[in-house]
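Visitor: can't give you the sequence, but here's the structure:
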């Protein structure tokens, strides 16, 4: 089981490549790795529909290499992987709605580019641990709670199918070629630097923004159970997944605290010291991609790595509000 | 539950499109549908690595429409789907080895083209039942036997990942857009018209050819349990899947008789009235894609459609040998 000292020594001075490195989780991971003394290369296409902004890494901008490149660009990726000691692979198309409106782009990013990236890793950095950002989306509507990794996969959107395939390529390249790949099936990750402009990452972003702008936000239904991971806890999961031998070749759920959306809405207002929300029926046109209740059984990952989330919801929401209050103009 | 009369009345006079319609299973399905009076359109790219040949449909060649087209050609497929009442979607890259050597081509055929085909169906023939040829490949190495549909999916090759995604698109387009899609996870299907030139479809083809040419064939290991479906039984499964309401929106195992490979080899020699084989260790370079024992629990499909395989192994092998003995020159 990795200790804190192992995390520090693994990454100090090591070349770490993060795809999607200017996005929400990628940039938070970069900030933490910079603190640990890693030699960072952040790759991001800065597409406006995705979550990347240079502002996300403003505090470390002078100390990291940044490449504005697309993971679909095989030649660029082959160059950028040279010398890579760890690869955190977070670049993705993440919007459910966009994946239905334009399934081919979702496929190009979430399937094809993953496959070509892994082929490049085989050749260029076959020893580098790779951690892939997967998603609870691939389960679809839970048949039982909590959802463990053996739960059947029945994605409710094209994005879910393609992320399922992207994850499976990583596991396959472990099984067949010995790449040290692992996958984390993330749930609702939230925190500073998340996309709050729209709901392309999670609805939590839209809620945060509304509260900060003094507007009421909408809660659809509100009785759904969901779990939430504060981004620092998610980042710790990535750091551990790359160095824990027991994590290699496996796909794990990452969970957190679970509560009903109505309770989350109340917690957000409490953390903000004010605000309001309206409850409405789940919109008919979105029902087909609604999954009902979900929360993860993440005991396998805890057992494999010693990971445990540390930030309670109230603290995480307070930190998020504090960050966006100071930086709102950069994110809306 | 559909009756024999329902099968006959469903297809008589109906426009049926079969992708991969000149291949092993596709052409056998076409022969049966021609017998039922269907108005057939067979689409096939006739790629030499795949199983399609015009000879496969020689008996009905004057009575069916044939288009040499690739399912990756979106414009062609949109034209060809006009008026489609039933779609049997069998076109695929099927070789495990080819998928590892050229993963992008496998992805283009087994993922991207499936997605664009389904998008075209939504628009052009949204009422047509669609039956997709999936594969037991998607399970990878069984953790328990028999394997039911709830068994975890961990494909052992790129082909398996892409077929898993292809199946998931079909189920998704049912769930989200109401397409009447079902998927059949086929196991080793064998019979007349199968590819015997090499092992791109199953090793059974290579065995058949060796026996007919008076050569010894190789049995790798031999203790593995596998199940085998005679192609006429598989064809009946496709016909039923398209018309049984309980099959819509689901992915089913299709099984058959299971036995050890050594026993199959002996049955083949008995059916041929002579021949020999050599047992050798599973080749080291193939071990990474070996799945050990497999046989399907296909009770869900039997319950949904009333299907049951009818042809015992001995009969199926005898019929296969008889066919290839008469037509060997066309297949080697």
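Guide: Thanks, I have it. The structure displayed is predicted, hence computed values, not measured ones.
Visitor: Show me which residues of the stretch 101-250 of chain A are close to chain B?
Guide: A:103-104, A:107, A:111-112, A:115-116, A:119, A:150, A:152-158, A:160-162, A:164-165, A:168-169, A:171-172, A:175-176 (Cβ under 8 Å from any Cβ of the partner chain). Just so you know, the C-beta spots here come from the backbone N, C-alpha and C atoms, and that holds for glycine as well.
Visitor: Please repeat the previous calculation with a cut-off of 7 Å.
Guide: Within the stretch 101-250 of chain A, the residues that sit near chain B (Cβ under 7 Å from any Cβ of the partner chain) are A:103-104, A:107, A:111-112, A:115, A:119, A:150, A:152-156, A:158, A:161-162, A:164-165, A:168-169, A:171-172, A:175-176.
Visitor: Mind checking which of these land in helices?
Guide: A:103-104, A:107, A:115, A:119, A:158, A:161-162, A:164-165, A:168-169, A:171-172, A:175-176 (DSSP state H).
Visitor: Name the member of those residues with the most neighbours.
Guide: residue A:161 (33 neighbours; other Cβ atoms under 10 Å in any protein chain shown).
Visitor: For that residue, report the pLDDT, please.
Guide: At residue A:161, the model reports a pLDDT of 98.
Visitor: Equivalent analysis for residue A:15, please.
Guide: pLDDT, read off for residue A:15, is 98.
Visitor: Flag every buried residue along stretch A:26-35.
Guide: A:26-34 (16 or more other Cβ atoms under 10 Å in any protein chain shown).
Visitor: Would you format those residues as a markdown table with distance to chain B, pLDDT and secondary structure included?
Guide: As requested, the buried residues of stretch A:26-35 are arranged in a markdown table below (distance: Cβ to the nearest Cβ, whole Å; pLDDT from 0 to 100; DSSP: H, G, I helix; E, B strand; the rest coil):
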| residue | distance to chain B | pLDDT | secondary structure |
| --- | --- | --- | --- |
| A:26 | 24 | 98 | helix |
| A:27 | 29 | 98 | helix |
| A:28 | 29 | 98 | helix |
| A:29 | 26 | 98 | helix |
| A:30 | 29 | 98 | helix |
| A:31 | 33 | 98 | helix |
| A:32 | 31 | 98 | helix |
| A:33 | 30 | 98 | helix |
| A:34 | 34 | 98 | helix |
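Visitor: Which of the residues you listed sits closest to residue B:182?
Guide: For residue B:182, the nearest member of those is residue A:26. The distance, counting by Cβ to Cβ, is 39.4 Å.
Visitor: contacting residues for that closest one?
Guide: A:18, A:20, A:42, A:90 (Cβ atoms under 7 Å, 6 or more residues apart in numbering or on different chains).
Visitor: where does the third one land in three-state SS?
Guide: In three-state terms, and counting by DSSP: H, G, I helix; E, B strand; the rest coil, residue A:42 is strand.
Visitor: want to throw the contacts of residue A:26 into CSV with pLDDT and secondary structure?
Guide: Shown next, in CSV, are those (pLDDT from 0 to 100; DSSP: H, G, I helix; E, B strand; the rest coil):
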residue, pLDDT, secondary structure
A:18, 98, strand
A:20, 97, coil
A:42, 98, strand
A:90, 98, coil
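Visitor: Highest neighbour count among those?
Guide: residue A:42 (30 neighbours).
Visitor: ok so, going back, now, which of the buried residues of stretch A:26-35 sits nearest residue B:5?
Guide: Taking these together and measuring to residue B:5 by Cβ to Cβ, the closest member is residue A:26, at 60.2 Å.
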